[in-house]
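> compute the structure for the input listed below.
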Amino acid sequence: VQLVDSGGGLVQPGGSLRLSCAASGFRLDLYNIGWFRQAPGKEREGVACFSRHDGIVSYVPSVKGRFTISRNYAENTVFLQMNSLKPEDTAVYYCATVCWYDPTWKKYPNYYWGQGTEVTVSS
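Okay, the predicted model is just below:
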């Protein structure tokens, strides 16, 4: 049972990346799916979330309009399309079966987490 994050890399400001979050051993469509990031020296923060209960997708203000969650349940995979990237988007990105607005999200063992994929936005 695991989540595997991939798709990170080095990109210039204004560029795009698509991150993938592939699940094995369980069905992603049965869970909320959140994307988080942790910049060097900073705490982990949520950036986007898909709620399985009502189908609502939420984004934090700093990424709204630039990042988009999509899902391919046939492949048991969730994606985070990131456009118009900025240097401040540089971080390790994680997917998880919890949304940032869940007050228990920091109880990491309670949820499935990917291993993280590094995104660097720099010229």
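> pretty sure Ala48 is touching Val60, no?
Yes: contact status for Ala48 versus Val60: in contact at 7.4 Å, counting by CB atoms under 8 Å. In short, each C-beta sits where N, CA and C put it, glycine included.
> more neighbours: which of these two?
Legend: neighbour count by other CB atoms under 10 Å for Ala48 and Val60, higher for Ala48 (26 against 16).
> the nearest residue to the more buried one once chain neighbours are set aside: how many residues sit nearby?
Nearest in space to Ala48, with sequence neighbours left out and distances taken as CB to CB, 6 or more residues apart in numbering, is Trp35 at 4.4 Å. Look at Trp35: counted by other CB under 10 Å, it has 28 neighbours.
> so how far is the helix or strand containing Trp35 from its chain's centroid?
Using DSSP states H and E, Trp35 sits in strand 33-38. Here the centre of strand 33-38 is set off from its chain's centre by 4 Å, with CA atoms, centre = their mean, to the nearest Å.
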